[in-house]
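[1] What follows is a predicted protein model with its sequence.
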Protein chains: 2
Amino acid sequence: MSLRHALLALLSAGPATGYDAAKRFSGSVGHVWSAPDSQIYPELKRMQGDGLVESSAVRWGPRSTKTQYTITDAGLEELIDWAGRALPYSPPRDTHHLQAAYLEWTDAAGARRFFEDHIAHHTEQRQLLLAVHAGIVARTDPMIMRRLSRFPDSDHERIVAFKAHTYAGMVARSEAEIAWAREGLAMLDSLATDGGVGGGAAGGNSSIP
Amino acid sequence: MSLRHALLALLSAGPATGYDAAKRFSGSVGHVWSAPDSQIYPELKRMQGDGLVESSAVRWGPRSTKTQYTITDAGLEELIDWAGRALPYSPPRDTHHLQAAYLEWTDAAGARRFFEDHIAHHTEQRQLLLAVHAGIVARTDPMIMRRLSRFPDSDHERIVAFKAHTYAGMVARSEAEIAWAREGLAMLDSLATDGGVGGGAAGGNSSIP
């Protein structure tokens, strides 16, 4: 149900078309909760059916209209209820951690590539997240500006603080992944110089009975 | 497809029944990749159909048998191929980070409970992960003992190193979550002493360099 709540959170900053919502899911909101367009449109329709949003036609070019969604009072109530709810923790399912645990099945070059890719991915993520974080703190990010414009000044600090803290946490997580992968590279060096099997081909492949 | 590779990795330590596999997914392997029993049994059957595992009947009590799965050469090839593959990174989808970004929709008590629950969850996770990590490093964990018994001594260091490093990373991640949630509590204090509004700094900013 988190897509529903991500959409309610997004619409709490103002009305949006399905296209707007999809665009934001591929941008700022997407860093916290990603969803493909194919899920966003039907979910908005279901939410309308459940009375959480209402739709209206807005002009789109000279001859056509688009459906715009506005959060309803029931939608706001659901958002408030969700924000205070103790949500269950999902069991772990991380492809890369699974792969990391069994790198003895590849060779030293493959293991090295794994950690180098991990560093590259999280370095890029970190840069993206830092940029969003900076825009939130400076209140120059278009989404935060739009949101703040709809709430009294007295709420602004709280609104900014929670978003900045969330992004700061994601930056810290990327940094932890980079540090872990660097330690992995150092471990590979140490396995190689131990004169064990670290420098050779995948250890033990052929020794399975 | 990661369930398939988690199962191949598990079976690379020796044959297992569906029941054994399910038990291990609720234990050690489950910390890295979790799967419900309802997915494990049909996946093993599909893997048999694809020639990655083969099954045999083993005695189970005086009158019945159970199906035991053994990894085939094709299964080992798939495991080796997967271990060296550059796997795509999934887009982020973390319910609790999403919730953290919109805590302004709950009250101060709700926000405090969120961070306290986060600390409690990750403190428990950390303890579990530390215990598995210790068993891997000491080579007393039953799964690592079983695995090592099937490979030559010269491979042991590598096998242990990758698993220990994976668990060490997960411990570090739990610690990062705990630190982030503690900063969240400090941020709430600072928002409260500001009278809920006005000039204080968002605590989360502090971890940004």
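    Arrived safely, thanks for sending.
[2] all helices of chain A, in order?
    Counting by DSSP state H, chain A has these helices, from start to end: A:2-11, A:18-25, A:37-49, A:73-83, A:95-101, A:108-137, A:142-148, A:153-193.
[3] Could you dump the ones you listed into a markdown table and include distance to B:I144 and mean pLDDT?
    Where you see a C-beta, it was placed from the backbone N, CA and C, and this is true even at glycine. A markdown table is the format used below for these (distance: least, CB to CB, whole Å; pLDDT from 0 to 100):
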| stretch | distance to B:I144 | mean pLDDT |
| --- | --- | --- |
| helix A:2-11 | 36 | 95 |
| helix A:18-25 | 42 | 89 |
| helix A:37-49 | 40 | 95 |
| helix A:73-83 | 41 | 98 |
| helix A:95-101 | 11 | 95 |
| helix A:108-137 | 18 | 97 |
| helix A:142-148 | 47 | 93 |
| helix A:153-193 | 17 | 96 |
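[4] Make JSON lines out of the ones you listed and add distance to chain B.
    Putting the helices of chain A into JSON lines (distance: least, CB to the nearest CB, whole Å) gives the following:
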{"stretch": "helix A:2-11", "distance to chain B": "5"}
{"stretch": "helix A:18-25", "distance to chain B": "9"}
{"stretch": "helix A:37-49", "distance to chain B": "11"}
{"stretch": "helix A:73-83", "distance to chain B": "4"}
{"stretch": "helix A:95-101", "distance to chain B": "4"}
{"stretch": "helix A:108-137", "distance to chain B": "4"}
{"stretch": "helix A:142-148", "distance to chain B": "10"}
{"stretch": "helix A:153-193", "distance to chain B": "3"}
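[5] In space, what's closest to A:T166 - neighbours in sequence excluded?
    Leaving out its chain neighbours, the residue that sits closest to A:T166 by CB to CB, 6 or more residues apart in numbering or on different chains is B:A101, at 4.1 Å.
[6] coming back round to it: make JSON lines from the helices of chain A and add mean neighbour count to it.
    Output for those, formatted as JSON lines (neighbours: other CB atoms under 10 Å in any protein chain shown):
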{"stretch": "helix A:2-11", "mean neighbour count": "23"}
{"stretch": "helix A:18-25", "mean neighbour count": "19"}
{"stretch": "helix A:37-49", "mean neighbour count": "16"}
{"stretch": "helix A:73-83", "mean neighbour count": "17"}
{"stretch": "helix A:95-101", "mean neighbour count": "23"}
{"stretch": "helix A:108-137", "mean neighbour count": "18"}
{"stretch": "helix A:142-148", "mean neighbour count": "16"}
{"stretch": "helix A:153-193", "mean neighbour count": "20"}
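[7] now these as a markdown table including distance to B:S154?
    Compiled in a markdown table, those are given as follows (distance: least, CB to CB, whole Å):
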| stretch | distance to B:S154 |
| --- | --- |
| helix A:2-11 | 47 |
| helix A:18-25 | 50 |
| helix A:37-49 | 49 |
| helix A:73-83 | 54 |
| helix A:95-101 | 20 |
| helix A:108-137 | 14 |
| helix A:142-148 | 56 |
| helix A:153-193 | 12 |
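[8] right, and these - which one's nearest B:D107?
    Closest to B:D107 of these is helix A:73-83 (CB to CB; 9.3 Å).
[9] quick one: that closest one to helix B:108-137, angle?
    Interaxial angle of helix A:73-83 relative to helix B:108-137 (axes from the mean of the first three to the mean of the last three CA atoms, to 10 degrees): 40 degrees.
[10] CA atoms only: put helix A:73-83 into PDB for me.
    Extracted C-alpha coordinates of helix A:73-83, given in PDB (Å, rounded to 0.1, in the frame of the first residue of the first chain):
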ATOM      1  CA  ASP A  73     -10.500  15.200   3.300                       C
ATOM      2  CA  ALA A  74     -10.700  11.400   3.500                       C
ATOM      3  CA  GLY A  75      -7.400  11.300   1.700                       C
ATOM      4  CA  LEU A  76      -5.800  13.700   4.200                       C
ATOM      5  CA  GLU A  77      -7.200  11.600   7.000                       C
ATOM      6  CA  GLU A  78      -5.700   8.500   5.500                       C
ATOM      7  CA  LEU A  79      -2.300  10.300   5.100                       C
ATOM      8  CA  ILE A  80      -2.400  11.500   8.800                       C
ATOM      9  CA  ASP A  81      -3.400   8.000  10.000                       C
ATOM     10  CA  TRP A  82      -0.600   6.400   7.900                       C
ATOM     11  CA  ALA A  83       2.000   8.900   9.100                       C
END
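[11] What is that helix packed up against?
    Identification of packing neighbours for helix A:73-83 by 3 or more CB pairs under 8 Å, 6 or more residues apart in numbering or on different chains; DSSP states H and E yields helix A:2-11.
[12] Can I get the helix it packs on in CSV, CA atoms only?
    Presented in CSV, the C-alpha positions along helix A:2-11 are these (Å, rounded to 0.1, in the frame of the first residue of the first chain):
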residue,chain,number,x,y,z
SER,A,2,3.0,2.3,0.1
LEU,A,3,2.4,3.6,-3.5
ARG,A,4,-1.0,4.8,-2.3
HIS,A,5,0.6,6.7,0.6
ALA,A,6,3.4,8.1,-1.6
LEU,A,7,0.8,9.4,-3.9
LEU,A,8,-1.2,10.9,-1.0
ALA,A,9,1.9,12.5,0.3
LEU,A,10,2.7,13.9,-3.1
LEU,A,11,-0.9,15.3,-3.6
